[in-house]
Structures are given as C-alpha cells and as structure tokens.
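Q: just need the structure, nothing else, for what follows:
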Amino acid sequence: MSFSSEWNDRYQENTNMSIWPWSDLVSAVMKNKPKNRNFKVLELGCGAGANIPLFASLDADYFAIEGSEEIVTKLHKKFPQFKNSITRGDFTKEIPNEKFDLIVDRASLTHNNEISINQCIELCHEQLTHSGKFIGIDWFSTECSDYKKGKQSEDIWTKYDFEEGCFMGLGKVHFSDKKHLLDLFRKFEMVNIEHKTVSEETTGNNSKIATWNFVAKK
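A: Residues are numbered from 1 along each chain as shown. From the prediction side, this is the model:
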C-alpha cells in the first residue's frame, strides 16, 4: 500500500489525534457544498475523524477511505452510523464506486509521491459528479522551510526521512509550487487557490510553514 506505516504507529501512540474540524475545511465546504439538498462526500485519509462531526451535522452522505487499520477500528466505535462507509484502503489505488458531489482532503494525499498523487486525482475525477468539486486543505508548499530538508524520494517534489521538524517520523511528504499544483489538477477547473504562510518568530530559527488551500471543479 501507498499508506505509510508511520501513521499507524502515531495513532497507536495516540499522537496526531486531531479531533476538531479544521476551520479552513469548514469554510471551504460551506462555500462549495450543493445548495438546498443533501450531498455525498468522500474524505481522503480521515485520520482520527476531526471532520466527521461537520459532515454529520450537515446530514451529508459521508464516506471516507483511510489507510490505518488502527484508526479505522476506533472510528467504527466512535461513529457507528458510518461503520459501513468508513473503510480501510489505499486511496491512490481505489476509492468507493460512488458519485460524489465533494471530495475533500486535508493534508493526507500530500503524504505520497507524485505518481501516487496523480493516480488518486484521476480516480477522484472519475467519481465526481458533473461540476463536482475537489477541496484540498493544507497541501504543503515548496516555500516551507522543511522542503529543503529530508531526503529526496522518487521525484523532486517528495521528501522523506526528516531528522527534525514537524515532518519527522511521518514518512513521505509532497510539496508543490503553484505551477505544479495546477499541473496535478490539469483535468479540473481551478476555482480558488490560497497560499498561507506562518513564520516562527519566537526561536529565531526563521522556520516557515507554507500551505495551499484550493477548490478544483470537474
């Protein structure tokens, strides 16, 4: 599987257990979900389920595919109403055979190399409804300080084996500049792109976290 075993280890250790919906994703979903009707959504790499309460509150037909057996087992107990729609699998190779109004990803697909990301995006394009949308939140930018760290993986955009920083112990990390992001979603119409940067000013080490938020329409 493309899924990195490091994430299963983190969940077994009860780390990286985000449980509150990500505010940028909440905003993007509210702006882009279908109006005045229920909708079907797929979340790629739902992790500890931070965004599930959002979609439950919207009465969405929610699906998720997650690589960690550890966390999927926990989610089935926490959200029994979604036991049949939260599945363990490799979303770079297969996703549920449904037609989705929205497909959302918050910094999960970015933990793969370029080939795997392209494979997943192709699958998503096939399973989106006409004018369905892909929402990407916190896709890592090449302006991140950590892009210069780690070892290069199979392509120039993907790094791994970070010895320090927020990506240490998390396997592969894919970074994009705007041109590369547009190329990855070349089959889509890019509706909105935002670039966020946060600079660390306390320690004086000039570290910077930079990410992309975007909405791409089929």
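Q: please count neighbours and contacts with C-alpha atoms only from this point.
A: Will do.
Q: buried ones in the biggest helix by length in the chain?
A: Counting residues, the longest helix in the chain under DSSP state H turns out to be helix 114-127. By neighbour count on 16 or more other Cα atoms under 10 Å, the buried set for helix 114-127 is 114, 116, 117, 118, 120, 121, 122, 123, 124, 125, 127.
Q: and which of the residues you listed is nearest residue 38?
A: Minimum separation from residue 38 among those (Cα to Cα) is found for residue 127, which lies at 17.4 Å.
Q: residues in contact with the closest one?
A: Under the criterion of Cα atoms under 8 Å, 6 or more residues apart in numbering, the contact partners of residue 127 comprise 97, 98, 99, 100.
Q: what bridges to the residue nearest to residue 217 when sequence neighbours are not counted?
A: Nearest non-adjacent residue to residue 217, counting by Cα to Cα, 6 or more residues apart in numbering: residue 133, 4.4 Å away. On DSSP bridges, the residues paired with residue 133 through beta bridges are residue 102, residue 217.
Q: quick one: neighbours of residue 133, just the number.
A: Per other Cα atoms under 10 Å, the neighbour tally for residue 133 reads 28.
Q: that one against residue 105, yeah?
A: No. Counting by Cα atoms under 8 Å, residue 133 does not reach residue 105; the two are 11.3 Å apart.
Q: looks to me like residue 37 is in a strand.
A: No. Under the criterion used here (DSSP: H, G, I helix; E, B strand; the rest coil), residue 37 is coil, not part of a strand.
Q: which parts of the chain are strands?
A: Counting by DSSP state E, the chain forms strands over residues 40-44, 61-66, 86-88, 100-106, 128-140, 151-152, 158-160, 173-174, 189-199, 208-217, given from the N-terminal end onward.
Q: ok, the closest residue in space to residue 152 that isn't next to it in sequence - contacts?
A: For residue 152, the nearest residue in space outside its immediate sequence neighbours is residue 159; the separation is 4.5 Å by Cα to Cα, 6+ apart. Taking Cα under 8 Å, 6+ apart, we find residue 159 in contact with 147, 149, 150, 151, 152, 153, 172, 173, 174.
Q: okay, and the helix or strand of the protein with the least pLDDT?
A: Among the secondary structure pieces of the chain, namely its helices and strands, helix 5-12 has the lowest mean (mean pLDDT, DSSP states H and E), a mean of 52.
Q: are any of the contacts of residue 159 buried, and which?
A: Buried residues within the contacts of residue 159, counting neighbours by 16+ other Cα under 10 Å: 147, 149, 150, 152, 153, 172, 173, 174.
Q: now render the residues you listed as JSON lines, adding distance to residue 21 and pLDDT.
A: Shown next, in JSON lines, are these (distance: Cα to Cα, whole Å; pLDDT from 0 to 100):
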{"residue": "147", "distance to residue 21": "26", "pLDDT": "92"}
{"residue": "149", "distance to residue 21": "29", "pLDDT": "89"}
{"residue": "150", "distance to residue 21": "29", "pLDDT": "87"}
{"residue": "152", "distance to residue 21": "32", "pLDDT": "93"}
{"residue": "153", "distance to residue 21": "31", "pLDDT": "92"}
{"residue": "172", "distance to residue 21": "24", "pLDDT": "92"}
{"residue": "173", "distance to residue 21": "22", "pLDDT": "93"}
{"residue": "174", "distance to residue 21": "23", "pLDDT": "97"}
